[in-house]
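# Got a sequence here, can you model it:
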Amino acid sequence: MKQSKFLSAALWVAAAFIAAPAVHAATVVKVLGAGSSAMWQTAALGAYSELAGSGAGHFTIKGTAGCTTNANCAQIHDSRSASILPEGGNLWVVWNAAQTEAWAYLSVDSVVGNRSYFAVPRTTLQVDPAAESGSGFATNLISSALWGNDAANIPSAVYSALNNASITTAFTDIRPEDAKFASCRVLNELESGTYLGLGYGTGTTCTTLIGTQILSAFSSTVANPVNFNIRGTDPFTGESIPAYTTVDVGASPIVFLVNRTNASGLGYGGAGTPVITNVTAAMAQHLWSGAECDTKEFAAGGPPTDVPVYVMQREPMSGTMNTTEFTTFRCGNTAGTGCAVTGAASYHNSQEKGVVPPPQGTTNSNNPLNLPCTAGGGSRMRAIGTSEMDSTAVYNTKDSIGYTFWGFGNVSKLAGSTNYGYLTLNGIDPIQTTYSNGELPVCSGGVCPAAPGTSFPNLRNGTYTAWSVLRVVTNASGVNLTATKQLVSAIQANVNSTVPDFVPFAAVGGDPGLTKYRSHFLQSGVAANNGLSGEREAGGDMGGCIEPVGPAPGVLSCHQ
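Here you go, the predicted model:
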């Protein structure tokens, strides 16, 4: 009798278990990245098309609209100090059909991306609860032609796995050594001779932990300078920084953008036949230093009457800003001869020349930057983030000139219109073999495949000098490294077939990959090494010599 009751109870429990609805296994976050906008879209498409499999889902979100709990719909949280403010950005999330795996990437800037990864403890992603069950926020940030419409919300299992999860990977336009250098340059007191200190902190040895906020001239957006280390111990917590490695993704050019809506200014010459088509390094240095800001800078063939030009620049923690600074403004070479950190006649140039940040908590025409140039009638203005530079500053300001890392998504608001365009640099086209009318190309239907080996021909052959290798930073070993390498391979395999935003670093799918590299030089107290002979890559390479990858790596035709 007792045995019979026991068996009945056991059978009832088993039956109840079988009848219970299936429960999803816990979602594993494969890659949680933060950093540069240059890889944001291509990383999303790589994860979705190459890794997530059939039935995958995706979601994007930005800004603050529709979100009420956090300062931003998606942001990183740095717990090392209560005084460190969150950094908002554009977020994409991809998950597989079973919701057991997810990938995500928050677009901030390269220095913030590096800080997100190197902070000990690591920064975490905070996603507003509205993304799980709400509505009214900005979605579909990537063209539906590339991957269909976003899901209405992030599934609960995926949301729970992502919210408050630690960043695993930094996406960056510049090496970690250069990101650390850029951070210290911002946080040091102003040094108006060499501009090795930009004045958003105090002291000369990178001792400031949290610097003066850098403000936008176009919105309430701010950049927050915050200290971090890439080796040794964390400057806030004193905890040891784990070993890391970098994985190269591809190479992307800096493109100089112009607003041509004024037919008497930068649009002189008429629709489709602009007269101003080129900027030299010397012209750029003159414009961005504020010496003279008018169409006279572009010399022969300009408008008969000089017209003021409005010069747009990025925040100095941006990889875009630093790449342009060290390939064009600060070193200004025309033959890939590199940026000599000491001794170069142009080394004291900077787009930050003449910018004197006010005391913390106060503002003037230097912060937010809206500073009249010494001559010409134009002014220099600060945009925070790629979107604000391309889609607000240049888009809305007639006779403006700015710069951006190339990306079909980045320039989509300007592309396909004679009202906007791009310039050659030192007579070399950054996008095509030869320059036509400078109209920014568009992707037909959102997709514009390129035959392997054909994208950015002048970057590939080394004649266009304003570019950088895009890379990721992650753990030196373990699951984060494995998953990050898988995503990098997916990005490279997918880039030519959908939106060719960069030259893939490695040979893939018939593409020979990047056959040039930038030489490394001493940054952050480590020996320089390109890693081409199998050793660990180290040292900065912003503005480094452009060299061919060949049988004798390390034998340079130029010197640092």
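# Met542: neighbour count?
28 (other Cβ atoms under 10 Å). (C-beta placed from N, C-alpha, C; glycine too.)
# ugh, wrong one, Gly193
Gly193 - counted by other Cβ under 10 Å - has 8 other residues nearby.
# how close does it get to Met317?
Distance, Gly193 to Met317, by Cβ to Cβ, to the nearest Å: 22 Å.
# ditto for Asn259
25 Å.
# again with Asn480
On the measure of Cβ to Cβ, Asn480 and Met317 end up 24 Å apart.
# who's in contact with the residue nearest to Ser417 when sequence neighbours are not counted?
Leaving aside its chain neighbours, Ser417 sits nearest to Glu439 (7.2 Å; criterion: Cβ to Cβ, 6 or more residues apart in numbering). Neighbouring residues of Glu439 by Cβ atoms under 8 Å, 6 or more residues apart in numbering: Gly272, Ala415, Gly416, Ser417, Thr418, Tyr420, Gly421.
# From Val258, how far off is Glu439?
11 Å.
# List the residues that are in contact with both of those two.
Tyr420, Gly421.
# and the residue nearest to Pro129 when sequence neighbours are not counted, how many residues sit next to it?
Spatially, and ignoring its direct neighbours in sequence, Pro129 is nearest to Thr69 (5.5 Å; Cβ to Cβ, 6+ apart). Neighbours of Thr69 under the rule other Cβ under 10 Å: 11.
# May I ask which two of the contacts of Glu439 are separated the most?
Of all pairs drawn from these, the greatest distance, 14.5 Å, lies between Gly272 and Ala415 (Cβ to Cβ).
# Of the two, which one has the most company?
Taking other Cβ under 10 Å, Gly272 and Ala415 do not tie; Ala415 has more neighbours (18 against 11).
# mind checking the SS state of the more buried one?
The three-state label given to Ala415 by DSSP: H, G, I helix; E, B strand; the rest coil is coil.
# Check what pLDDT it gets.
At Ala415, the model reports a pLDDT of 95.
# which SS class is Thr246?
Here Thr246 takes the strand state, with states given by three-state DSSP.
# now the closest residue to Ala161 other than its chain neighbours: how far from Ile142?
Using Cβ to Cβ, 6+ apart and skipping the chain neighbours, the partner closest in space to Ala161 is Thr27 (3.8 Å). Separation of Thr27 from Ile142 (Cβ to Cβ) stands at 21 Å.
# how does this structure divide into domains?
Listed domain ranges for the chain are 28-172, 250-460 (source: automatic domain parsing).
# who has more neighbours, Asn480 and Met317?
Higher neighbour count among Asn480 and Met317: Met317, with 29 against 21, using other Cβ under 10 Å.
# in a strand, that's where the more buried one is, yeah?
No - per three-state DSSP, Met317 lies outside any strand segment and is coil.
# For Val473, grab the count of nearby residues.
Counted with other Cβ under 10 Å, the neighbours of Val473 add up to 24.
# Next up, phi/psi of it, please.
Dihedral angles of Val473 (phi, psi; degrees, to the nearest 10) stand at phi -120, psi 130.
# For the residue lying closest to it once chain neighbours are set aside, which residues are in contact?
Sequence neighbours aside, Ala170 is the residue nearest to Val473 in space, at 4.1 Å (criterion: Cβ to Cβ, 6+ apart). Counting by Cβ under 8 Å, 6+ apart, Ala170 makes contact with 33-35, 110, 113-114, 116-118, 176, 472-474.
# and with 10 Å instead?
By Cβ atoms under 10 Å, 6 or more residues apart in numbering, the residues touching Ala170 are 33-36, 108, 110-118, 176, 179, 244, 246, 471-474, 484.
# ditto for Phe171
31, 33-40, 43, 105-108, 110, 113-114, 116-117, 249, 319, 470-474, 484, 487.
# what do you get if the cut-off is 8 Å, keeping everything else the same?
Neighbours of Phe171 in contact, by Cβ under 8 Å, 6+ apart: Gly33, Ala34, Gly35, Ser36, Met39, Trp40, Ala43, Tyr105, Ser110, Gly113, Leu470, Val472.
# Same question for Ser160.
By Cβ under 8 Å, 6+ apart, Ser160 lies in contact with Thr27.
# A strand includes it, no?
No - in this structure, Ser160 is helix, not part of a strand, as judged by three-state DSSP.
# Residue ranges in the chain under the pLDDT threshold?
The chain contains residues with pLDDT under 70 at 1-24, 300-301, 331-347, 524-526, 551-560.
# could you pull out the helices for it?
Along the chain, counting by DSSP state H, helices occupy 2-19, 40-46, 110-118, 130-133, 144-147, 156-162, 176-187, 281-288, 319-324, 386-388, 395-396, 457-460, 479-495.
# Please work out which of the ones you listed is packed deepest.
helix 110-118 (a mean of 31; mean count of other Cβ atoms under 10 Å).
# who touches that helix?
33-36, 76, 78, 87, 108, 122-123, 167-174, 176, 179-180, 182-183, 223-224, 226, 228-230, 234, 241, 244, 317-320, 322, 473-474.
# thought Cys166 was touching Thr123?
One thing to correct before we go on: residue 166 is Ser, not Cys. Yes - under the criterion of Cβ atoms under 8 Å, Ser166 makes contact with Thr123 at 7.3 Å.
# ok so, going back, relative to Leu425, which of the helices of the chain is closest?
Of those, nearest to Leu425 by Cβ to Cβ is helix 281-288, at 7.4 Å.
# list the helices and strands the closest one packs on?
Helix 281-288 sits against strand 310-314, with contacts defined as 3 or more Cβ pairs under 8 Å, 6 or more residues apart in numbering; DSSP states H and E.
# between the strand it packs on and helix 281-288, how big is the angle?
90 degrees (axes from the mean of the first three to the mean of the last three Cα atoms, to 10 degrees).
# picking that back up, could I get the domains of the chain as a markdown table with distance to Gly550?
Shown next, in a markdown table, are those (distance: least, Cβ to Cβ, whole Å):
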| stretch | distance to Gly550 |
| --- | --- |
| domain 28-172 | 26 |
| domain 250-460 | 15 |
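# out of those domains, which comes closest to Thr208?
Across the domains of the chain, closest to Thr208 is domain 250-460 (Cβ to Cβ), at 10.1 Å.
# Between the two ends of that closest one, how far is it?
Counting by Cα to Cα, to the nearest Å, you get 11 Å between the two ends of domain 250-460.
# if we can go back for a sec, export the helices of the chain to a markdown table and tack on distance to Asn364?
Rendered in a markdown table, the data for these read as follows (distance: least, Cβ to Cβ, whole Å):
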| stretch | distance to Asn364 |
| --- | --- |
| helix 2-19 | 69 |
| helix 40-46 | 33 |
| helix 110-118 | 24 |
| helix 130-133 | 37 |
| helix 144-147 | 43 |
| helix 156-162 | 40 |
| helix 176-187 | 18 |
| helix 281-288 | 20 |
| helix 319-324 | 21 |
| helix 386-388 | 20 |
| helix 395-396 | 23 |
| helix 457-460 | 39 |
| helix 479-495 | 42 |
